[in-house]
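Participant: Here is the input, now give the coordinates:
(4 chains)
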There are 2 protein chains.
Amino acid sequence: MASFLGSAGMQGRRGRAGRVVPPLAFGGAPAGERRDAAESRRRVLGVARELFSERGVDAVSMHEIGRAAGVGQGTLYRRFKHKGALCMALLFEGVEGLYGRARDREESGGPALEQLMGLLEDLACFNEENAPLLGAVRDAVGGERRVEMYRNPFYSWLRATVVALLGRAVEEGEAREGLDVEAVAEAVLAPLNVDLYLYQRAELGMGRGRILTALRGLLLDGLRREGTAR
Amino acid sequence: MASFLGSAGMQGRRGRAGRVVPPLAFGGAPAGERRDAAESRRRVLGVARELFSERGVDAVSMHEIGRAAGVGQGTLYRRFKHKGALCMALLFEGVEGLYGRARDREESGGPALEQLMGLLEDLACFNEENAPLLGAVRDAVGGERRVEMYRNPFYSWLRATVVALLGRAVEEGEAREGLDVEAVAEAVLAPLNVDLYLYQRAELGMGRGRILTALRGLLLDGLRREGTAR
DNA sequence: ATCAAAAGCGGACGATTGTCCGCTTGGTGG
DNA sequence: CCACCAAGCGGACAATCGTCCGCTTTTGAT
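Facilitator: Residues are numbered from 1 along each chain as shown, chains lettered A, B, ... in the order given. Next up, the predicted model:
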């Protein structure tokens, strides 16, 4: 089964410079899309964006989107495998922004660990800006589909980017040697899980600065006091 | 609205020694439960456990559980606000085990950070042993209920315990001073998010040891190489 | 023992998601 | 220009979750 959007093979790949090139057509149109299909896809996306912003993602049903866009259920679900996939398509622009900022940072050079921190900061903003859609994605990806959450192209790109940055940090002597970059990458990304992040923001009353500062300290220096055996 | 189980006020509290005492009646019976109600609750729980283990949590509907237990929908949902709450009740024993092990560790003394690592290890096992139920809980807690995920008594206890351990580690000079223990506690717990953990186990093929080792290194020492400015 | 109130009970019901299957249409080769 | 057929289309349908509301049982006070 295809993942969220784009074919399964479209995950981020390493460029020759070690940079992770973003999945190309993440939320874009399928290659040989028929004109009528393209038209109806645009209409669906527009209507969905509208309704979601009016009444919240949860309060708008797929049937309603279809009706409002003048499109049947079959069509709707052919295009978007489920509600989460539709939301994912709507997230396209924001994700592009993230890719762009990561590219800029990379081109302007600087220590890999600082670039990593920048990415995490962007991710926190992304969480806040797109909270409703991200929440809907999470909800739609339940039951059998649970794995898709971490298999979608966006998360793959994220992980690959972090892995690449960590790898570079080790090579350049910024980070400890022998770091298990794949495993650590997951642990680095985990605290920015949307639900957890929003919970801290909204329920625990933590500001973005506080969350990021704590994370920065933890990631860079760990918990132990200086001088303790390591 | 009540959280998963137990009244809202039943979250972990600090004992006088700084220890976090577990919520008392997490999955137990309500105080003045009527005899017939207790009976039907037991029956429901038994039937659910049975059916879940036979065919998987996702494949068993609430209606079916009700039918098999000889109980109507109203009754079922009065007892368990939703499918996730039922699963949470089924998790009772495992959670008790976690509480017990944490208590034992605490009584046998030892460095706070080591105790923290022990807790994380237990949590990893807990994730594996109870994956299906935990997954179902996650799924059931969507839409409006999204916040409940981190507000339930179990997670509250977990967070409070980690906060207490971190606090002690700071006091006793094990951990850096000025650590934002509340914020850091979330970041410490995040990598053991069930979905993420299982994804690493099953899809990325990482063993428990590898995940925990990476986490341990990250938490204790951070990413930076020794000698780098901190 | 009686009786009233509170708690428990159960099936009908509404809403939502996602699937199915037969009809329509766009685009292409003869 | 036409005919073909895969892709697109749309509404009916099934399954599930969770709610509602009127009936029944338990409990405890008189």
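
Participant: Just list the residues touching A:Gly56, thanks.
Facilitator: A:Pro132 (CB atoms under 8 Å, 6 or more residues apart in numbering or on different chains). From N, CA and C alone the C-beta is placed, and that goes for glycine too.

Participant: and what of the one 4 residues further on?
Facilitator: Under the criterion of CB under 8 Å, 6+ apart, the contact list for A:Val60 reads A:48, A:51-52.

Participant: ok, and the most crowded of these?
Facilitator: Ranked by the number of neighbours (other CB atoms under 10 Å in any protein chain shown), those place A:Ala48 first, at 26 neighbours.

Participant: correct me, but that residue touches A:Glu64?
Facilitator: No - shown here, A:Ala48 and A:Glu64 do not form a contact pair, counting by CB atoms under 8 Å, at 9.6 Å.

Participant: Tell me where the model's unsure across chain A.
Facilitator: Low-confidence segments of chain A (pLDDT under 70): A:1-19, A:21-28, A:227-230.

Participant: Is there proximity between the helix ranked longest in chain A and DNA strand C?
Facilitator: Taking DSSP state H as the criterion, chain A has its longest helix at helix A:35-55. Yes - using CB under 7 Å from any atom of the strand, helix A:35-55 comes into contact with DNA strand C via A:35-36.

Participant: relative orientation of the very next helix or strand once past that helix and helix A:35-55 in degrees?
Facilitator: Sequence order places helix A:62-69 as the next helix or strand after helix A:35-55, per DSSP states H and E. For helix A:62-69 against helix A:35-55, the angle by axes from the mean of the first three to the mean of the last three CA atoms, to 10 degrees is 120 degrees.

Participant: Helix A:62-69 near DNA strand C at all?
Facilitator: Yes - counting by CB under 7 Å from any atom of the strand, DNA strand C has neighbours in helix A:62-69: A:62-63.

Participant: Now find how far off-centre that helix is within its chain.
Facilitator: The chain centre lies 26 Å from the centre of helix A:62-69; the measure is CA atoms, centre = their mean, to the nearest Å.

Participant: helix or strand right after that helix?
Facilitator: Per DSSP H and E, the first helix or strand lying C-terminal to helix A:62-69 is helix A:73-79.

Participant: of the contacts of A:Val60, closest to chain B?
Facilitator: Nearest to chain B, judged by CB to the nearest CB, of those is A:Phe52 at 13.6 Å.

Participant: In contact with that closest one, which residues are there?
Facilitator: Counted by CB under 8 Å, 6+ apart, A:Phe52 has contacts A:60, A:90, A:132-133.

Participant: which of those residues count as buried?
Facilitator: A:60, A:90, A:133 (16 or more other CB atoms under 10 Å in any protein chain shown).

Participant: Any chance of CSV for those residues, columns distance to A:Val181?
Facilitator: As requested, the buried ones among the contacts of A:Phe52 are exported to CSV (distance: CB to CB, whole Å):
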residue, distance to A:Val181
A:Val60, 41
A:Leu90, 32
A:Leu133, 30
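
Participant: Out of those residues, the closest to chain B would be?
Facilitator: Set against chain B, the nearest of those by CB to the nearest CB is A:Val60 (11.8 Å).

Participant: Touching, A:Leu215 and B:Ala187? I think so.
Facilitator: Yes - counting by CB under 8 Å, A:Leu215 does reach B:Ala187; the two are 5.3 Å apart.

Participant: so what sits against both of these two?
Facilitator: Shared contacts of A:Leu215 and B:Ala187, defined by CB under 8 Å, 6+ apart, are found at A:Pro191.

Participant: neighbours around the residue nearest to A:Met117 when sequence neighbours are not counted, how many?
Facilitator: Nearest non-adjacent residue to A:Met117, counting by CB to CB, 6 or more residues apart in numbering or on different chains: A:Arg216, 5.8 Å away. Residues lying near A:Arg216 (other CB under 10 Å) number 16.

Participant: Need phi/psi at A:Arg216.
Facilitator: A:Arg216 has phi and psi values of phi -60, psi -50 when expressed as degrees, to the nearest 10.

Participant: Any figure for the gap between it and DNA strand C?
Facilitator: Note on A:Arg216: its distance to DNA strand C, by CB to the nearest atom of the strand, to the nearest Å, is 37 Å.

Participant: any chance of the contacts of A:Phe52 in TSV, plus secondary structure?
Facilitator: Converted to TSV, the contacts of A:Phe52 look like this (DSSP: H, G, I helix; E, B strand; the rest coil):
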residue	secondary structure
A:Val60	coil
A:Leu90	helix
A:Pro132	helix
A:Leu133	helix
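
Participant: For those residues, please prepare TSV with the additional fields distance to B:Leu119.
Facilitator: Output for these, formatted as TSV (distance: CB to CB, whole Å):
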residue	distance to B:Leu119
A:Val60	41
A:Leu90	39
A:Pro132	34
A:Leu133	34
